[in-house]
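1. attaching a predicted model along with its sequence, questions to come.
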Amino acid sequence: MRKIMYREALREAMTEEMKKDDNLFMIGYDVGKYGGEHGISGNMFDLFGDARVKNAPISEQAIVGCAIGASITGCRSIAEIPFGDFLPMCMDMIVNQAAKFHYTFSGQMNVPMVILTAMGGYIRAAEQHSQCLEAWFMHVPGLKTVIPSTPYDAKGMMKTAINDPNPVMFIEHKKLLPMKGNVPEEEYTIPFGVADIKKEGNDVTLITISYVVHLALKVAEELEKEGISVEVVDLRSLYPLDKETVLNSVKKTGRVVIAHEAYVTGGVGAEIAAIIADEAFGYLDSPIKRVGAKWAPIPFPSVLEDYVLPGTDDIKKAVNEVLE
Amino acid sequence: MHSLKEFDKNIVLGLYETILKIRLFEETQSRVFKAGEQEGFTHLYLGAEAVAAGVCSNLNKDDFITSTHRGHGHMIAKGGDLKKMMAELYGRSTGTCQGRSGSLHIADRSIGVLGANGIVGDGNPIAVGAGYSIKLRKTKQVAVSFFGDGATNQGTFHESVNMAASFDLPVIFVIENNQLSCGVPTGTVCKVLENLGDRAAAYGIPGENIDGTDVLEVYTVTKKAVERARSGEGPTLINCKITRHHGHFEGDIDIRTKEEVEKDLKIDPVDKIETRMLEVNMITKDGIKSYREKTQKMIDEAVDFARESPVPKPEEAMKYVYA
Amino acid sequence: MIKEVILAKIGLTMETGTIIKWLKKEGDYVEQGDLMLEVETDKVATVVEAFHPGFLKKIVQKEGSEVPVNAVIAYVGEKDDDLDSFLKDKGSRDSFEQASLSSTDAEKGKNKAKGTARVRVNASPLAKRLASELGVDLFLLKGTGPDSRIGKEDVQAAAKKLASGGRQEYTIPIDSNVKIHSEIKLTGIKKVVAGRMKASYNDAPHIHLELTVEMTNSSLLRDRLNKKADKSKHITYTDIIVKTAAEVLKENRLLNATFKEDTVFIFDDINIGIAVSTDKGLVVPVIKNADKLNFAEISLASRNLIDRVRNRKQSMDDVSGGTFTITNLGMFGVESFKPILNPGQSAILAVGVIKETAVAGGSEKVVFRPMMNLSLACDHRVVDGSEGAKFLSELKGLLENPPNGL
């Protein structure tokens, strides 16, 4: 099977879908000839032209609002907000408008829109370009939030996102974009609400998302040599959430670690932990441990950033704690 | 000011009918709301009737509008069903949004009303999106965004006008300038309040400053803007000066003094059009009486319909979260 | 219609019964009152009559099975009654064949667990759930997790012990309202002894028998023997008792035995251990083949052993191989005490002080005689009351009337 980059997988998904629907367009600053701030749109401008791969002014609210307005009047849209850190600038459009149209207007209008954004650090991009804010969006009814960790998952889930009649937050990670992975030539989709067990195991359930999936796999490999069998569960989809896979894994191992890059406090791990404590209570042999960033903005230099953000050592420590 | 004689009688009468419908609907709404028959809040369009009437009479059913918290007038002018509207205000399941949106978010996609918005100025980016969609699909539709003077200080206004201008989108931006931002006289927070239409120059598009209580003025200026938009030449900004007759919302403590309110009440688009029609004998006093009675009857029927309509079931709160 | 045949309770204390022999076979017709099977309980062997008439459709518990009271042991019914559909309706699973001790314990455990569920115990949710399912009492467990948290493995280990006929042990907590003056952590011998004491006390059901012995004649014997011997080679009362007990054991072999897994092993030799208290704890050096030694030899062996033990120079051989133990606290003035069996032995004799005591002297006279209390503890699985009594009375007889020339 061929190996392509995560960003290429996204481009392929969008290209395939745009070929099928002339009323599907992409908008964002730098998506045009420049090829996108993260190189995602690439050659799409050449393929589809200005009207469908539209360079926007630096106006996040207008970009998202435009995508919304177009999506309720006969088109479908992909709005790229290249850094998750900029989403606060258009939270109103996402939360008060897009997420609520279908509900408030009782099904008269739906918003088939994808907001494509890159979150995450480990790249020394400093406080305003490194945040993980997925928890904010998991908390909004009317939105769907997905966060694939591999090129294969990214392509399949982007196609699903574009064809979903609801507004979808599609969250990539900057470090994942150049990562290569197996992606079949044929078209395929991956449904939302289905987690993926990236590695099976029996002793501990390690639930994780996005870039940290890869750190988790590394830890699992190391621990395997010490005789500890870790099951790595990649959630892939925050809303809708695959509770069944999570609970089945917990029932099998009885021990849980949840690891993500975002802060432990109020992170998605808190929600998952609560679900497990509620619905798999009698299967827990030790308390649930969470791994995440320490409670500080993400600093610039590597020595400080690597202190704040979680690493393989933090994950390993947590796994050993639940095994006590 | 244009002479009535310049216009087709049917157009004038049509505009009058719409203005009257809005006026009487809102007055009725004020009465039933104050009588405690509805929940929540309501913001009345009294004083602005000429803007909705004048703008919307230039629009087709498949043209789009975005509306504000003060949105009953827009919906009526765009052809909204009075019964379904009143039922919506009463929160009944026969309402335009099955009772779930109420006064603040009244909408009817089938007639191009893309929703009254509770966030000041948020209609602008959405109207831009509608415009973008029109251009992408290559139709002759237009999108109109209604908003107040207060909204012109929001970031969304600047971003939207700039984007619509840059992309030459078929959007008409209509400011309903009553010089009040809820409890703040807008003039204290904006240096160009009188002639907000001049802001258009900052974005490279045409802008107008007109008497928003002269329905024929509104009609004429909008007609030009709509033609400009349909021909692909891009957006226009129209600043319509009006007064607000009631408080920001029904039950509000008005920031104005008693004298200021009385002064504002005297600037009345209904009086204006009736006077002018009488002047040129386009209508008689009896004719006015007859129109009023006929219109009020329609509205009373709408109120009865609403009062007798069923309340939604509690579990319906969980419907429509996702498409 | 299918009827269940259950093992009814026979007597007050019956908890289980062993099926010795089925007197009917599958397919036989039984009338009400027919003799159906032979059963042995803890107290009695008996024959069970059939209560329901009918064909014996299926024997559920085979000969040799130990079955709890009220367990189903067979089914009777009409010739064309379908047992399978009856069982399906009843919802039983195939494991009815395994109805055994653990299921009764599970019932007890469930009730116990319900009761203790209100008391806070440091156990993981999984452990709590498993404990109630497996009939393990969490309150009796000490966990191996952080803060002594009880985990799945602790519960599973306890359940395994229960299933193999074991018993959960109770750890008494220290009252937190009492101040501790000092701690002595048990190590070495003391630790071992503590463990063995507990095991012995738990494992063997002790019976205690006592009598008093008039030591007048033994005292005379002792004086006589010591007159001939060196001062450093004096014979003690303990020596006399050791020799005498060894003699009596020859004819009372059950007190020179051990018990393991339903079998009594009678020792070949008679090796008598004498309990010695040292500053390192209790040590029991053993006088090998005491029945074959005379007084002087016993005395010598005893003195050497005690000497070595007191100087911590005892060998492994010195302290192993015992078959019977004698413990004497008379030198402290203790009149009597009930000893705990030395684990692995079926009897132990405790000796008290010899004291001038008023006793009946015939014709309503009261006389003073040197009296000594003997307290015998036996493993009731091996030695019953009459056997212990026989030993004691023969021992008393010999001590009160020692034969000459021993």
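-> Sure, I can see it. Residues are numbered from 1 along each chain as shown, chains lettered A, B, ... in the order given.
2. after the host helix or strand of residue C:127, which helix or strand is next?
-> Here residue C:127 is covered by helix C:125-134, with elements defined by DSSP states H and E. Remark: after helix C:125-134, the chain's next helix or strand is helix C:152-163, criterion DSSP H and E.
3. that next one packs against which elements?
-> helix C:101-116, helix C:125-134 (3 or more Cβ pairs under 8 Å, 6 or more residues apart in numbering or on different chains; DSSP states H and E). For the C-beta atoms, the positions are set from N, CA and C on the backbone; glycine is no exception.
4. lowest average pLDDT across these?
-> Lowest mean pLDDT of the helices and strands packed on helix C:152-163: helix C:101-116, a mean of 43.
5. what sits against the residue sitting furthest away from the middle of chain A?
-> The outermost residue of chain A relative to its centre, with distances by Cα atoms, centre = their mean, is residue A:324 at 31.8 Å. Contacts for residue A:324 (Cβ atoms under 8 Å, 6 or more residues apart in numbering or on different chains) come out as A:286, C:145, C:146.
6. wait, which of these is closest to residue B:246?
-> When the contacts of residue A:324 are compared for distance to residue B:246 (Cβ to Cβ), residue A:286 wins out at 63.6 Å.
7. residues near residue B:81, how many?
-> 18 (other Cβ atoms under 10 Å in any protein chain shown).
8. and it, what does it touch?
-> So residue B:81 contacts B:96, B:108 (Cβ under 8 Å, 6+ apart).
9. so how far is residue B:87 from it?
-> 9 Å (Cβ to Cβ, to the nearest Å).
10. what do the two both touch?
-> By Cβ under 8 Å, 6+ apart, the residues touching both residue B:81 and residue B:87 are residue B:96.
11. where do the strands of the stretch 51-200 of chain A begin and end?
-> Using DSSP state E, counting those that start in this stretch, the strands of the stretch 51-200 of chain A run over A:53-55, A:76-83, A:113-119, A:144-146, A:168-173, A:180-182, A:196-199.
12. in TSV: these, plus distance to residue C:159, mean pLDDT and mean neighbour count.
-> TSV is the format used below for those (distance: least, Cβ to Cβ, whole Å; pLDDT from 0 to 100; neighbours: other Cβ atoms under 10 Å in any protein chain shown):
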stretch	distance to residue C:159	mean pLDDT	mean neighbour count
strand A:53-55	66	97	22
strand A:76-83	56	97	24
strand A:113-119	48	98	26
strand A:144-146	44	98	25
strand A:168-173	46	98	26
strand A:180-182	46	97	15
strand A:196-199	30	98	18
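13. residue C:256 and residue C:373, how far apart?
-> Distance from residue C:256 to residue C:373, by Cβ to Cβ: 22 Å.
14. neighbour count winner among those two?
-> residue C:256 (25 against 20).
15. I figured the more buried one hits residue C:324, correct?
-> Yes - assessed by Cβ atoms under 8 Å, residue C:256 is found in contact with residue C:324 at 5.4 Å.
16. now for those two: what residues contact both?
-> C:249, C:270, C:347.
17. who wins for neighbours among the residues you listed?
-> Busiest of the shared contacts of residue C:256 and residue C:324 [other Cβ under 10 Å] is residue C:347, holding 28 neighbours.
18. distance check, that one against residue A:272.
-> Taken as Cβ to Cβ, the span from residue C:347 to residue A:272 is 65 Å.
19. same check on residue B:230?
-> 53 Å.
20. neighbour-wise, which of these two wins?
-> Taking other Cβ under 10 Å, residue B:230 and residue A:272 do not tie; residue A:272 has more neighbours (24 against 16).
21. quick one: contacts for residue C:73?
-> C:5, C:6, C:7, C:19, C:37, C:59, C:60, C:61, C:67.
22. let's go with 10 Å and repeat that
-> Taking Cβ atoms under 10 Å, 6 or more residues apart in numbering or on different chains, we find residue C:73 in contact with C:4-7, C:17, C:19, C:22, C:36-37, C:39, C:48, C:58-62, C:65, C:67, C:99.
23. and the helix or strand that contains it, which strands flank it?
-> Using DSSP H and E, residue C:73 maps to strand C:72-77. If you go by DSSP bridges, strand C:72-77 pairs up with strand C:3-6 (antiparallel), strand C:54-59 (antiparallel).
24. want to try a markdown table for these, with mean pLDDT and mean neighbour count as columns?
-> Below are the strands paired with strand C:72-77 laid out as a markdown table (pLDDT from 0 to 100; neighbours: other Cβ atoms under 10 Å in any protein chain shown):
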| stretch | mean pLDDT | mean neighbour count |
| --- | --- | --- |
| strand C:3-6 | 86 | 18 |
| strand C:54-59 | 90 | 19 |
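25. is chain A contacted by the helix holding residue C:127?
-> Yes - judged by Cβ under 10 Å from any Cβ of the partner chain, helix C:125-134 comes into contact with chain A through C:125, C:126, C:127, C:128, C:129, C:130, C:132, C:133.
26. neighbours of residue 86, just the number please.
-> Just going to use chain A. Residue A:86 has 16 nearby residues by other Cβ under 10 Å.
27. think we crossed wires, I meant chain B
-> Considering only other Cβ under 10 Å, residue B:86 is surrounded by 29 other residues.
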